[in-house]
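> Can you look at this prediction? I've put the sequence above it.
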Amino acid sequence: ESFDDCPPFPSFSSMSSYRHSQARRHDGRVNPTVRSHQRTRRRASMEVYAREETPFACLHGCVWHPKDATAAAFGGRGRTCVYSLRGGRLERRFETTCGRAGLRDSCFLDESVLAFAAEDGSLRSMDFNVRGSGGFEVTGAHRGAALALSKVGRTTVVTGGEDGAVRLWDTRNKAIRDVQTLSKTSKNACWCLEATKTHQVLAGFADGRVSLYDLRRGEQQQELEVCRKYLPNGICGIRRITEETFVAATLSTMIWSGTWREEKNEECRAYRVRDGECTIWTCSPSPHSSNALAVGDGRGTTHLCSYQTDKGAPLVEKVVSLNIASQPVISTEWHSEQPGVLLCTSMDNRVHVLLCADTKGIGA
């Protein structure tokens with residue numbers, strides 16, 4: 001069964017315009033309260049647009065399709081559900097399996113190929129547009145579970161595993177091969193990865209280590225241990241902001257921002273996005289705003305934060321928060337083409353679509 005006709009996103013570009021469209025009278029005129037609101041400066045806001053409970057016993061994440069309003073949720077026993085965003089609802093289009101082991105991380109290699117890192121240590125893929133179709137499979141990519149996956153260039157992916165290894169893979173041919181081992185096995189698992197367009201890879205480990213690998217140097221790639229002494233607990237998520245700065249979500253109830261330079265004068269800052277002890281599970285800078293950052297915490301709350309990168313490590317500040325679940329928010333992802341559309345996954349096995357208005361004005 002083919003699903004080539006994927007639905008477009010809603011016509012409104014932000015929650016503000018959506019709210020205004022709902023506040024119009026039957027004769028088409030805008031209510032006076034809305035007109036007065038338009039004359040004032042809008043503040044960033046965040047509201048739930050759609051929510052759906054998945055059929056998984058254990059949900060591990062969800063990713064946007066890079067071009068349209070469809071998303072893929074993945075979890076235990078290799079199960080994957082594809083959803084479409086229609087009229088304020090997430091409609092399930094089909095459900096399939098990709099192997100028998102649980103799927104821990106995922107990324108799109110192109111508009112049709114969706115790759116997974118699995119709990120049995122394998123690297124596998126599926127055709128996103130065709131139900132029940134398989135793709136490549138690499139068994140034994142890691143000893144133990146493969147926990148992290150990120151795309152590097154068109155045909156190359158990087159994986160991180162429970163064995164602490166970070167490996168580079170070439171997916172151009174059916175016989176997938178290990179191009180390079182960036183980090184050898186260790187007792188500390190690699191929990192998260194972030195590959196950049198400049199062929200660099202950031203990796204976060206269970207011992208609080210943040211490492212940078214420069215793929216342009218071939219076998220002599222550079223590995224920097226950034227801020228290890230400042231991060232006593234594991235790195236749950238990591239994202240790069242600029243050429244020399246990053247943000248990291250940690251088990252230590254903080255969101256950390258750091259910087260590195262060639263002369264190795266690293267700098268690190270810590271920020272608490274809410275009161276009380278609460279694990280920070282995920283963080284995602286917006287691709288459409290130079291200052292917006294989405295953060296998910298252990299109490300089921302999504303935070304919209306701002307950051308400044310003028311000097312040193314980014315300065316993070318909370319702007320607005322929204323509680324969306326009774327369990328931790330474990331993943332957040334902005335859509336690459338639709339501004340202000342945020343996809344969240346929570347441990348109560350639900351997928352949430354949030355609309356964030358006026359993110360371009362954050363930090364201005």
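Okay, I see it. Numbers count the residues shown, from 1 in each chain.

> Find the least confident helix or strand in the protein, judged by mean pLDDT.
The least trusted helix or strand in the chain, going by mean pLDDT, DSSP states H and E, turns out to be helix 32-39, with a mean of 38.

> State the next helix or strand along the chain beyond that one.
strand 45-53 (DSSP states H and E).

> which helices and strands sit right next to that following strand?
Counting contacts by 3 or more C-beta pairs under 8 Å, 6 or more residues apart in numbering; DSSP states H and E, strand 45-53 packs against helix 15-22, strand 89-97, strand 315-323, strand 350-357. C-beta here means a position set from N, CA and C on the backbone, and glycine is covered the same way.

> Adding distance to Ile176 as columns, could you present the ones you listed in CSV?
Converted to CSV, those look like this (distance: least, C-beta to C-beta, whole Å):
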stretch, distance to Ile176
helix 15-22, 42
strand 89-97, 20
strand 315-323, 38
strand 350-357, 29
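
> which of the ones you listed is buried the deepest?
Among those, strand 350-357 has the highest mean neighbour count (mean count of other C-beta atoms under 10 Å), at a mean of 24.

> And the contacts of that strand?
Residues outside strand 350-357 that contact it (C-beta atoms under 8 Å, 6 or more residues apart in numbering) are 14-19, 42, 44-54, 59, 62, 71, 73, 83, 85, 90, 286, 292, 294, 302, 304, 322, 324-325, 340-346.

> how does it look with 7 Å?
Residues outside strand 350-357 that contact it (C-beta atoms under 7 Å, 6 or more residues apart in numbering) are 14-16, 18, 42, 44-54, 62, 73, 83, 85, 90, 302, 304, 324-325, 340-346.

> of these, buried ones?
Buried subset of those (neighbour count, 16 or more other C-beta atoms under 10 Å): 14-16, 18, 44-46, 49-52, 54, 62, 73, 83, 85, 90, 302, 304, 324-325, 340-346.

> Residue ranges in the stretch 251-364 of the chain under the pLDDT threshold?
Confidence mapping of the stretch 251-364 of the chain against pLDDT under 70 gives the ranges 260-267, 274-276, 310-313, 358-364.

> how does it look with 50?
For the stretch 251-364 of the chain, applying pLDDT under 50 flags the ranges 263.

> Only the buried residues of stretch 191-202, if you could.
Buried residues in stretch 191-202, counted by 16+ other C-beta under 10 Å: 191-196, 200-202.

> Take those and write them to JSON lines, including pLDDT, secondary structure and distance to Ala270.
Shown next, in JSON lines, are the buried residues of stretch 191-202 (pLDDT from 0 to 100; DSSP: H, G, I helix; E, B strand; the rest coil; distance: C-beta to C-beta, whole Å):
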{"residue": "Trp191", "pLDDT": "94", "secondary structure": "strand", "distance to Ala270": "18"}
{"residue": "Cys192", "pLDDT": "94", "secondary structure": "strand", "distance to Ala270": "18"}
{"residue": "Leu193", "pLDDT": "93", "secondary structure": "strand", "distance to Ala270": "22"}
{"residue": "Glu194", "pLDDT": "91", "secondary structure": "strand", "distance to Ala270": "19"}
{"residue": "Ala195", "pLDDT": "87", "secondary structure": "strand", "distance to Ala270": "25"}
{"residue": "Thr196", "pLDDT": "79", "secondary structure": "coil", "distance to Ala270": "23"}
{"residue": "Gln200", "pLDDT": "82", "secondary structure": "strand", "distance to Ala270": "23"}
{"residue": "Val201", "pLDDT": "87", "secondary structure": "strand", "distance to Ala270": "23"}
{"residue": "Leu202", "pLDDT": "88", "secondary structure": "strand", "distance to Ala270": "18"}
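
> Turn those residues into a markdown table, columns for distance to Ala146.
A markdown table is the format used below for these (distance: C-beta to C-beta, whole Å):
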| residue | distance to Ala146 |
| --- | --- |
| Trp191 | 11 |
| Cys192 | 12 |
| Leu193 | 11 |
| Glu194 | 16 |
| Ala195 | 15 |
| Thr196 | 21 |
| Gln200 | 21 |
| Val201 | 15 |
| Leu202 | 17 |
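
> between those residues, which is closest to Leu182?
Nearest to Leu182 out of those is Val201 (C-beta to C-beta; 6.7 Å).

> Contact partners for that closest one?
152, 158, 182, 193, 195, 213, 215.

> What's the local residue count around Ala270?
Per other C-beta atoms under 10 Å, the neighbour tally for Ala270 reads 18.

> Please name the nearest non-neighbouring residue to it.
Met254 (4.4 Å; C-beta to C-beta, 6 or more residues apart in numbering).
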